[in-house]
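sharing a sequence plus its predicted fold:
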Amino acid sequence: MPDVDVPDVEVPDVEVPAVGDGGDDGEGVPSVCEVTDVGGIDDKSFNATAWAGLQRAEADFDVTVAFLESQQQTDYEVNINAFIEEGCDLVVGVGFLMGDAVAAAAEANPDQNFAIIDFAYDPAYDNVAGIVFGIDQAGFLAGYAAAAATQTGTVGTFGGINIPPVTQFMDGYVYGVRYYNDQNGTDVSVLGWDPEAQDGLFTGNFESLDDGRTLGESLMDEGADVIMPVAGPVGLGTAAAIQERGNAWIIGVDTDWTVSASEYADIVLTSVLKRMDSVLYLMARDVANGTYATELFVGTLDNEGVGIAPVTNFDGDISAELAAIVDGIIAGDIQTAP
């Protein structure tokens, strides 16, 4: 699959189609079917971003798309098998937590094509495309922006579950703050994550907005005025708490929160972008064209698989600094994670 170079896909509110729309429609139109993580299809983040890319592909190419929502982790296997039985040409699992379920399905169905976001198998399966992201690179840019914007000298972050696709955001964030300190002689501190110990603040789930509110309020009480929640829709609870207090910024994840969570646009500093929409758009195009191949994709700043949204609600201009940092990261001159 070529480098990611299609335009960003906005993440709209989702109208749920009939699942039966997926699979072989009797006229030979190929199909791509998404199994969501427990956050749901309209999480305004991870699952919705993936679905938006498939919807765009359906509009542009001769391919049908469908999804099944997982309410709990035991639904992963059930939903994957349902799509296999329907005859979906490519079944996509959204999220690291689906690693075991997709692996089991791939072993049991060697002629079925799969893709999985945020997981790469070693050794690889011949019938599974792994999709992973160097999201620490983009998190680094967000950390630098947070350190530039803070008025209290303290910023914060927390995650949903302590798994690599979450903590990689947080690694980059802390390293970006440290880089700002090194470059500017400041001493901005980060609450919520220690990249050396790989330990920090987590809700233990990707669903509870109440937990997001609680952790957001706690971080603000400790002085943080920029918070990056890496927990899907849980972060919307944090955003609500920040908006009510009116004295902090939020950093969105996965998609541009000024678009996907526009009710909070006035408090968004930036968003860390994981362009799974663009990757799945291209995969669905390849399915439509009969050129799909189960190869590993690694999204980076260099191939625009990751990035950050424009910095907003901030009087300073750090665009030139961020551009120079991007060049340094791509060149391998700047370390973005342990």
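Cool, got the structure. Worth saying up front: this structure is predicted, and the values here are computed from it rather than measured.

which stretches of the chain form strands?
Per DSSP state E, the chain carries strands over the ranges 31-35, 64-68, 90-94, 113-117, 128-133, 154-159, 189-191, 193-194, 199-200, 226-230, 249-254, 268-274, 297-299, 306-308.

how about the ones you listed, which one is nearest V177?
With Cβ to Cβ as the measure, strand 189-191 is the member of these nearest V177 (5.2 Å). All C-beta spots, glycine's among them, are computed from the backbone N, C-alpha and C.

partners of that closest one in the sheet?
The strands beside strand 189-191 in its sheet (DSSP bridges) come out as strand 154-159 (parallel).

quick one, the strand it pairs with and strand 249-254 angle?
Relative orientation of strand 154-159 versus strand 249-254 (axes from the mean of the first three to the mean of the last three Cα atoms, to 10 degrees): 30 degrees.

can the strands of the chain go into a markdown table with extra columns for distance to Q168?
Listed next are the strands of the chain as a markdown table, based on distance: least, Cβ to Cβ, whole Å:
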| stretch | distance to Q168 |
| --- | --- |
| strand 31-35 | 22 |
| strand 64-68 | 25 |
| strand 90-94 | 17 |
| strand 113-117 | 13 |
| strand 128-133 | 8 |
| strand 154-159 | 10 |
| strand 189-191 | 15 |
| strand 193-194 | 11 |
| strand 199-200 | 13 |
| strand 226-230 | 9 |
| strand 249-254 | 11 |
| strand 268-274 | 10 |
| strand 297-299 | 12 |
| strand 306-308 | 10 |
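
will you turn the ones you listed into a markdown table that also has mean neighbour count, mean pLDDT and distance to A101?
What follows is the strands of the chain, written out as a markdown table (neighbours: other Cβ atoms under 10 Å; pLDDT from 0 to 100; distance: least, Cβ to Cβ, whole Å):
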| stretch | mean neighbour count | mean pLDDT | distance to A101 |
| --- | --- | --- | --- |
| strand 31-35 | 28 | 98 | 8 |
| strand 64-68 | 23 | 98 | 12 |
| strand 90-94 | 29 | 98 | 7 |
| strand 113-117 | 25 | 98 | 9 |
| strand 128-133 | 24 | 97 | 12 |
| strand 154-159 | 27 | 99 | 22 |
| strand 189-191 | 20 | 99 | 34 |
| strand 193-194 | 18 | 99 | 28 |
| strand 199-200 | 16 | 98 | 27 |
| strand 226-230 | 30 | 99 | 22 |
| strand 249-254 | 28 | 98 | 21 |
| strand 268-274 | 28 | 98 | 21 |
| strand 297-299 | 20 | 95 | 20 |
| strand 306-308 | 23 | 98 | 25 |
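
and I330, what pLDDT?
On the pLDDT scale, I330 is placed at 98.

what residues are up against it?
For I330, the contact set (Cβ atoms under 8 Å, 6 or more residues apart in numbering) comprises 300-302.

and it, how far from A324?
In this structure, I330 and A324 are 11 Å apart, going by Cβ to Cβ, to the nearest Å.

what's the closest of the strands of the chain to M170?
Nearest to M170, of all those, is strand 193-194, at 4.2 Å by Cβ to Cβ.

residues in contact with that closest one?
Contacts of strand 193-194 (Cβ under 8 Å, 6+ apart): 157-159, 167, 170-171, 173-174, 199-201.

which among those residues gets closest to V272?
Ranked by distance to V272 (Cβ to Cβ), the contacts of strand 193-194 are led by Y173 at 8.1 Å.

doesn't G156 make contact with that closest one?
No: when contacts are counted by Cβ atoms under 8 Å, Y173 is not listed as touching G156 (9.5 Å).

A108 - how many residues pack around it?
Close neighbours of A108, defined as other Cβ atoms under 10 Å, add up to 11.

same question, D266
13.

residue contacts, the nearest residue to it once chain neighbours are set aside?
Distances taken as Cβ to Cβ, 6 or more residues apart in numbering put N313 closest to D266, at 6.5 Å, once the chain neighbours are dropped. If a contact means Cβ under 8 Å, 6+ apart, then N313 has 249, 266-269 as its contacts.

so what's the most centrally placed residue in the chain closest to, chain neighbours aside?
Centroid-nearest residue in the chain, with Cα atoms, centre = their mean: D254, separated by 3.3 Å. Distances taken as Cβ to Cβ, 6+ apart put S45 closest to D254, at 4.5 Å, once the chain neighbours are dropped.

wait, the one you found touches D256, no?
No: counting by Cβ under 8 Å, D256 is not a contact partner of S45; they are 10.8 Å apart.

re earlier: how about the contacts made by the residue nearest to the centre of the chain?
D254 sits next to 45-46, 49, 232, 271-274, 276 when contact means Cβ under 8 Å, 6+ apart.
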